[in-house]
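**Q** here you go, sequence then predicted model.
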Amino acid sequence: MHGTPHIVSDVMTHTVAAIGRKANFKEIVQLMEQWKVSALPVLEGEGRVIGVVSEADLLPKEEFRDSDPDRHTQLRRLSDLAKAGAVTAEDLMTAPAVTVQANATLAQAARTMAHAKVKRLPVVDEVGLLEGVVSRGDLLKVFLRDDEDIAEEVRREVVSYLFRAPLSPVRVQVHDGVVTLTGRVRDTSLVPVAARLVRAVEGVVDVEFELPGSSGQQER
């Protein structure tokens, strides 16, 4: 029923800075600064992603630079202490890398980011070769979608299916991504269904209803 959702390849960055497993600490920091990124994929062979080095992997070196952690800290933060002494990407990187494929939906990529608590995901093909990178900012680009474009999709993909024979036309208005449906409907049990479908339209921030029988309230 709905149009094809945007996928990662629609928003990802194709030109990507990456490093090999033997890249040294200073080289990694310099490349992050040059490219203004917070993480770099680590590659081997023809470009297969084997890990990621992030700012979080680098910070222990500064954190423990002039400290002598007690026994409790050593046991609790064994991994961070190991990274504090690391000098190459293969010892600093988080592996295996959390990645996403180019044909994943933006919702799938967002869930992967949230679960892994990362800001960027390497985009790989079927055999793990690097194709690009997608960031949190890339995933939010759908919310830049034009209001009238959203309204047209809601009319075409939701209203025309659910409210085919209304007492009067159901009107669709969109302002700053918030969709408002107004009019009269025969079956108000369809309102919660409409709410779910409208929220599935990319770029929608929220949905409100002004329909007799729905108490003129927002469906949450």
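**A** In hand now; what should we look at? Residues are numbered from 1 along each chain as shown.
**Q** show me what counts as buried in stretch 9-25.
**A** For stretch 9-25, the neighbour count (16 or more other Cβ atoms under 10 Å) marks 11-12, 16, 18-19, 21, 23, 25 as buried. In short, each C-beta sits where N, CA and C put it, glycine included.
**Q** what's next to it, contact-wise?
**A** 27-28, 31, 34-35, 37, 40-44, 47, 50-51, 53, 58, 61, 86-90, 92-93, 102-103, 106, 122-123, 130-135, 138-139, 141-142 (Cβ atoms under 8 Å, 6 or more residues apart in numbering).
**Q** and the buried ones among these, selectable in PyMOL?
**A** Buried members of the contacts of stretch 9-25, defined by 16+ other Cβ under 10 Å, are picked up in PyMOL with:
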select buried, resi 28+31+37+40+41+42+43+47+50+51+53+58+61+86+88+89+90+92+93+102+106+122+123+130+131+132+133+134+135+138+139+142
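**Q** out of the contacts of stretch 9-25, which are inside helices?
**A** Among these, the members found in helices (DSSP state H) are 27-28, 31, 34-35, 58, 61, 89-90, 92, 106, 138-139.
**Q** of those residues, closest to residue 204?
**A** Comparing the ones in helices among the contacts of stretch 9-25 against residue 204 with Cβ to Cβ places residue 106 closest, at 12.9 Å.
**Q** how close does the closest one get to residue 112?
**A** 11 Å (Cβ to Cβ, to the nearest Å).
**Q** repeat for residue 28
**A** 24 Å.
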